[in-house]
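Engineer: A structural model of the following input is requested.
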Amino acid sequence: MQIGLGQLRFGPSVFYDMTFEEFIAAAKGMNRQEELRQQMEWERTRWAAVLALSPHAKKGQRIKPTDICIFPWEKKKKKKGDNLMLRNALKRMSNG
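Structural biologist: Purely as a prediction, here's the structure:
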């Protein structure tokens, strides 16, 4: 109820007329929106750091945002099947 009436700001009639699935979808959407907002804020902060450090870089050296840090959402995600496929390929090669 706190999420529906407080954070999502639904009126009581809207909140109580929702199905559970509709409420979950609304809550997930709000959560995703907040994640994106925070990601953009961190990326702006990193960019400000790049701009602040650039005048202090060695001549000819360019500081890139990823030199400062790489955020978890920027890292390449491994697919679950990748390790299994690699193991199977190695087994086939070792068995000849």
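
Engineer: ok, for the spatially most central residue of the chain, nearest residue in space, not its chain neighbours?
Structural biologist: In the chain, the C-alpha nearest the mean C-alpha coordinate belongs to residue 73, at 3.9 Å (CA atoms, centre = their mean). Excluding its sequence neighbours, the residue lying closest to residue 73 (CB to CB, 6 or more residues apart in numbering) is residue 39, at 6.0 Å. Bear in mind the C-beta positions are built from the backbone N, C-alpha and C, glycine included.

Engineer: neighbours around the one you found, how many?
Structural biologist: 14 (other CB atoms under 10 Å).

Engineer: same thing with residue 42?
Structural biologist: When counting by other CB under 10 Å, one arrives at 12 neighbours for residue 42.

Engineer: let's see stretch 27-36 as PDB, backbone CA atoms only.
Structural biologist: Extracted in PDB, the C-alpha atoms of stretch 27-36 (Å, rounded to 0.1, in the frame of the first residue of the first chain):
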ATOM      1  CA  ALA A  27       6.200  -1.100  -9.400                       C
ATOM      2  CA  LYS A  28       8.700  -2.700 -11.800                       C
ATOM      3  CA  GLY A  29       8.300   0.200 -14.200                       C
ATOM      4  CA  MET A  30       8.900   2.700 -11.400                       C
ATOM      5  CA  ASN A  31      11.900   0.800 -10.300                       C
ATOM      6  CA  ARG A  32      13.400   0.700 -13.800                       C
ATOM      7  CA  GLN A  33      12.800   4.400 -14.300                       C
ATOM      8  CA  GLU A  34      14.600   5.100 -11.000                       C
ATOM      9  CA  GLU A  35      17.500   2.900 -12.100                       C
ATOM     10  CA  LEU A  36      17.900   4.800 -15.400                       C
END
